[in-house]
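> below: sequence and its predicted model.
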Amino acid sequence: MTQARRQQHGAPEGNGAEAGPPAEAGGEFRARLPDGAVLRALSQGQGRPLLLVSGLGGNAAFWDDNAATLARSFRVLRLDQRGIGASSRGTARCTIDQLAQDCLAVLDAAGIERATILGHSTGGCIGLSLARQAPERLDGLILSGSWLRQNRYMSALFETRLAILDQHPRAYAATAALMAYPPVWLEAHWNVYERAVAGAPDTPEAKQVVRERIDALRSFDGSGWAGEIDRPALILGARDDMIVPAFLQDELAAAMPGARKTLLDSGGHFFPISRPDAFTANVAEWIGGL
């Protein structure tokens, strides 16, 4: 996508990926941004393109199991978001709009003109922004465990998490994991909790990446324009989600009258991990109907 086309759709100036040969249909590749960020991305499978965008953690590994299943039917792409995993931070201000531009850069680097975008949690906000900025790049939009705008519940949650992050990064990681999964599932998969705590953001650089991403979310508000998105949309959620409660998916559906909404009876916030079969079945069935 050219810089002129990005500016036409309201994208930040100068945020297009550098031109280069398209990525192969399988394996790892890089997308390079003008601000110096270099994003690590993965591609697997063949067929209709599907870009997976993870949540606050921003790591491509979130999708490991889902990607393996979905790659049987689609060409699945995913990325480490800027400043996370194997992707460098760059100098651009971290906003939801910028993170959406980063996703467009990954599509450009992969040689993909149109794709279905599946964003979980923060990734859903990124997907909404991408649909607003460049609707011609989307075949469809899946908003998983996501929301439309800040409210009192989300504001209080983020303020509390930031306070814990400042004082005790390992407690930040521990409480995030404890809230993200159904207790009975986490008890049976305790290694997930142990990995989350081991990966706590305990350096000044890692803390700053978390802070700026939370600040980006707190500034995001799609309520004034989400109803104008004319791409097919699927809204997914779980009724026992304590991080992004199901009433926020109801709000999304009310703002996007043409969207389809499906709520799982259980699974917690990370229902793509705790309920992988139901999650991938819903995704594959919906994309198959586009």
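Alright, I've got the coordinates.
> how many other residues sit next to the closest residue to residue 241 other than its chain neighbours?
Of all residues not flanking residue 241 in the chain, residue 269 sits nearest, at 4.7 Å (CB to CB, 6 or more residues apart in numbering). For the C-beta atoms, the positions are set from N, CA and C on the backbone; glycine is no exception. For residue 269, the number of neighbouring residues by other CB atoms under 10 Å comes to 24.
> may I ask which helix or strand of the protein has the lowest mean pLDDT?
Least confident element among the helices and strands of the chain, by mean pLDDT, DSSP states H and E: helix 3-8 (a mean of 37).
> what sits up against stretch 195-202?
Under the contact criterion CB atoms under 8 Å, 6 or more residues apart in numbering, stretch 195-202 has outside partners 165, 169-170, 172-174, 176-177, 207, 209-210.
> switch to 7 Å and redo it
Stretch 195-202 is contacted from outside by 165, 169-170, 172-174, 176-177, 207, 210, using CB atoms under 7 Å, 6 or more residues apart in numbering.
> A strand includes residue 111, no?
No - with DSSP: H, G, I helix; E, B strand; the rest coil as the criterion, residue 111 is coil rather than part of a strand.
> shaky segments in this structure?
For the chain, the stretches flagged by pLDDT under 70 are 1-25.
> what are the ranges of the strands in it?
Along the chain, the segments classed as strands by DSSP state E run 27-32, 38-44, 48-53, 74-79, 115-120, 138-144, 233-238, 260-264.
> for residue 135, which non-adjacent residue is closest in space?
Nearest residue to residue 135, sequence neighbours excluded (CB to CB, 6+ apart): residue 231, at 5.8 Å.
> just to check, that neighbour is in contact with residue 140?
Yes - here residue 231 reaches residue 140: they are 6.0 Å apart, a contact under CB atoms under 7 Å.
> how near is the residue positioned nearest the centre of the chain to residue 26?
Geometric centre of the chain, nearest residue: residue 123, 2.0 Å, by CA atoms, centre = their mean. According to CB to CB, to the nearest Å, residue 123 stands 23 Å off from residue 26.
> before we move on, what about residue 163?
According to CB to CB, residue 163 and residue 26 sit 43 Å apart.
> what does residue 187 give?
Residue 187 is 37 Å from residue 26, by CB to CB.
> got a list of what residue 70 touches?
So residue 70 contacts 50, 76, 280, 283-284 (CB under 7 Å, 6+ apart).
> reformat the residues you listed as JSON lines; add neighbour count and distance to residue 239.
Shown next, in JSON lines, are the contacts of residue 70 (neighbours: other CB atoms under 10 Å; distance: CB to CB, whole Å):
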{"residue": "50", "neighbour count": "26", "distance to residue 239": "25"}
{"residue": "76", "neighbour count": "26", "distance to residue 239": "27"}
{"residue": "280", "neighbour count": "19", "distance to residue 239": "19"}
{"residue": "283", "neighbour count": "25", "distance to residue 239": "18"}
{"residue": "284", "neighbour count": "16", "distance to residue 239": "22"}
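> rewinding a little: residue 187 and residue 26 - which one has more neighbours?
Applying other CB under 10 Å to residue 187 and residue 26 shows that residue 26 carries more neighbours, namely 13 against 10.
> ok, that one to residue 46 distance?
To residue 46, residue 26 is 8 Å away according to CB to CB.
> now swap in residue 113 and tell me
The value you get for residue 113 to residue 46, if CB to CB is used, is 16 Å.
> was I right about the residue nearest to residue 241 contacting residue 178?
No - using CB under 7 Å as the test, residue 269 is too far from residue 178 to be in contact (10.9 Å).
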